[in-house]
Each structure stands twice: as structure tokens, then as C-alpha cells.
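Asker: Below: sequence and its predicted model.
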Amino acid sequence: MRLYDTARRAVVPFEPGPEVRLYVCGITPYDSTHLGHAATYLTYDLLIRRLEDLGHRVRMVRNITDVDDSILPKARELGVDFLELAAAEVARFHGDMAALDTRPPEAEPRATEWVDAMIELIVVLEARGHTYTVEGTTWFAVETWPAFGEVSHLDTDTMIALARERGGTPDDRRQRHPLDFVLWQPSAPDEPVWTSPFGPGRPGWHIECSAMAMGLLGPTLDLHGGGSDLVFPHHECEKAQSEAVTGTPFVRHWMHTGMVAYQGTKMSKSLGNLVFVSDLAKRADPRAIRLALIAHHYRDDWEWHDDELDASSRDLDLLVSAARCPGGPDPRPHARRLREALDDDLDAPAARATLLELARGITSGAGGDPAAPATLVELAALCGLDLRRPLAA
């Protein structure tokens, strides 16, 4: 298998051992699951299915960020406890992921349950001279880490602009450098608070994932995933602080998914241009949603069009019908091509096209190989599509 590595900026062999340690950044549960989430998590679900098909055991951890600078203001706006808001949205997320037939993670840690581990990491960073504290806020000093920037390869001005846009504090005059990032901060009066050697408060965003990932999977991950909007600052900061603690490489392979747009703009909560999985599932069989999403390569930025669901529903009808036929063309070339496509930087669109080509061959009456329908079912399952179920009404 060959996959694009963000840090190396190239498609390179992905050669893990028998056990694959995979960490994927999960949701901040303050709104429902939209297609951007679904596209990301379906990517890693497809990767896991192929790795298991190759004989690997995959240990996938996907966190829940249930305390940060996004969920707390939303809970305040709604007048509810932040954990109550998180519980409701996590339940919806799980329902959406189940509807899309994604594999559940081995573990799904919540940030609020790992604060002690986060504090322990900050204590080590402090002892090694990587932090400073001003007025109760503790920052990671990026000038103590020369490798900062090795994931994103961005210039300083671009990093500062993205930090400003994505939750950083580059304009805080208390910082020694605009790219220094928060490890610990005081809590507002209505926010949760934990005691720490740095004063009462709560963790910064980036330290949360380092604590959960290394706590559950060890100091070095085989693959770390997430949306491309997490490359900087989140994953850049994760790498710096994790390696500053352990002295060993944090991640062997960085894998990121493209952004999904709608109505000409990147789909995001702040813009309000979201297409929700739960709404689409009311219009069509959830398998059609998966088929529509895998028509796009995981690394591409793309725009959702409402007619895609209708087209993928027709494709699903073809696949389910073909699975019930008595025979078809020799399926072995299709099986080989589909697996080759997945091994070629997880080329889901090519794998999808191969599935549909086999289905058309079956329904056209070409060939009489009785193994064709069963192989179609097997290959569809590898792509996360269960063709044994009848179409949803």
C-alpha cells in the first residue's frame, strides 16, 4: 500500500507491522455530523477495511474533544451544561456513523477524562524548558523546538495567519513568539476548572490529543489522520509537544483528508452552510451517501451538489440488483483492480468504478461465472457497502 504522507509531501509506501496504531482526531460535539465529518471518517474506515483485508490488526483511537474553545461558548449560548451538549451531539454522531456502516474505534477517549495525563505532559515540558507561564496561561515556546514546521512546511507568516484563524493567540502580547501555543489557561467563571501546578484552569486544545493518543497507543503512532484543516496548527503543535516529551518520533505517517464545500464555500459550522448526514439519510438509503462520498478522492477538496445523492441511489440500486443475479463475468480481474486501486493512495473513486463495472457486467447477462455476484458482495463489503440488505424504503 502507498499513501500520501503530508510531512514528506509524497506518496510513499505505508508498511506497518502486523498491528497498526491509528489515531484520528474526532469531533468537537457541539453540532450534528455534516458531510465534511462523514467524508473524513469514511476515509479512515476504508483504510481500516483494506488493512484488515491485508491481514493487519488495526487499533484505531478516535477522540472526542468535549472541552475546548468551541464547545464552551456554544453551551453558554444555548444555556446548557457543556457535558450535556456533548452527550447529545455524541449520540447523534454515533447514530450517523452507524448508519454509514463505519467501524467503531477501539477506544473513544473524551478529553475531560484525560486532564491528569495532560497535566503530566505539561509538567515534563516545563522541566525540559519548553514552557513559560504568564498570568496563569502556560505556553509552549516554539523557539525551543527547531523542528517546528516539519509537518506543514509553511512559512512563518502563513502559520501566523492560520493560527489567528484557527484558535491560536498570535496577537497576545504576553507571548514570546506569535506561534507559541497554549498548553494551559485560566477558566472563565462559568467554565470547568481543574487544579494544576500552573494554577487553576483547563487544558489547551493541542495537548489533549497528545495525551490521549500516546496514553492509549504509545509514544509512536503508525498513522495519524484528520482533516487538512488540522495540519496547522493542531498537528504541527501535537508533534512538537509530543516529541519534546518523549524524544522519539510521534508519527510515522501523516494522512489528511480534503475539505468539502457547499454553495461555493467550505462547509463549516461558523458559516452555517452544513449538509447533515441525518437529513440525507431521511431522503435516501445511507449506503447511497457512502457511495456518493467515495466518488471523491480523499485528498481532494470538492463541492457537494444535491443531485449527487440521486445518482448514487441509482448506483446502489444497480449494485443490490446485481448481487441477486445468478452469475456474471469472471470477477477475478475486477477483484484485483479494486484492491490495486485501494493500495494506490486509497483511490476510492477507481474502486467504486470497478464495483459498478462488475455490477453492469452481471446485470447485462455477460458471462456465466456463478462466483461473480458473491465476489461483488465481497468487494462491496471491502468498500463498506453491505449489498445483502434490501434497499431502504
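Answerer: The structure has been received and is ready for your questions.

Asker: need the strands for the stretch 151-300 of the chain, in chain order.
Answerer: All strands of the stretch 151-300 of the chain, identified by DSSP state E, counting those that start in this stretch, fall at 181-185, 202-203, 223-227, 254-257, 260-262, 265-266.

Asker: Would you convert the ones you listed into JSON lines that also reports mean pLDDT?
Answerer: Below are the strands of the stretch 151-300 of the chain laid out as JSON lines (pLDDT from 0 to 100):
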{"stretch": "strand 181-185", "mean pLDDT": "98"}
{"stretch": "strand 202-203", "mean pLDDT": "96"}
{"stretch": "strand 223-227", "mean pLDDT": "97"}
{"stretch": "strand 254-257", "mean pLDDT": "98"}
{"stretch": "strand 260-262", "mean pLDDT": "91"}
{"stretch": "strand 265-266", "mean pLDDT": "76"}
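
Asker: Any chance of JSON lines for the ones you listed, columns mean neighbour count and distance to Thr195?
Answerer: For the C-beta atoms, the positions are set from N, CA and C on the backbone; glycine is no exception. As requested, those are exported to JSON lines (neighbours: other CB atoms under 10 Å; distance: least, CB to CB, whole Å):
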{"stretch": "strand 181-185", "mean neighbour count": "25", "distance to Thr195": "11"}
{"stretch": "strand 202-203", "mean neighbour count": "25", "distance to Thr195": "11"}
{"stretch": "strand 223-227", "mean neighbour count": "24", "distance to Thr195": "30"}
{"stretch": "strand 254-257", "mean neighbour count": "24", "distance to Thr195": "34"}
{"stretch": "strand 260-262", "mean neighbour count": "20", "distance to Thr195": "41"}
{"stretch": "strand 265-266", "mean neighbour count": "14", "distance to Thr195": "39"}
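
Asker: Against Gly384, how distant is the nearest residue in space to His235 that is not next to it in sequence?
Answerer: In space, and not counting its chain neighbours, His235 is closest to Val151: 5.4 Å by CB to CB, 6 or more residues apart in numbering. Val151 is 28 Å from Gly384, where distance means CB to CB, to the nearest Å.

Asker: Same drill for these two, tell me which one is more crowded.
Answerer: Val151 (27 against 21; other CB atoms under 10 Å).

Asker: now the helices for the stretch 151-300 of the chain?
Answerer: All helices of the stretch 151-300 of the chain, identified by DSSP state H, counting those that start in this stretch, fall at 156-165, 205-217, 236-246, 277-283, 286-293.

Asker: mean pLDDT lowest for which of those helices?
Answerer: Of all the helices of the stretch 151-300 of the chain, helix 277-283 carries the lowest average pLDDT, namely a mean of 93.

Asker: List the buried residues in it.
Answerer: Buried residues in helix 277-283, counted by 16 or more other CB atoms under 10 Å: Val277, Leu280, Ala281.

Asker: Can you give me every residue that contacts the residue lying farthest from the centre of the chain?
Answerer: Using CA atoms, centre = their mean, the residue of the chain lying farthest from its centre is Gly368. It sits 41.7 Å away. By CB atoms under 8 Å, 6 or more residues apart in numbering, the residues touching Gly368 are Gly327, Gly328.
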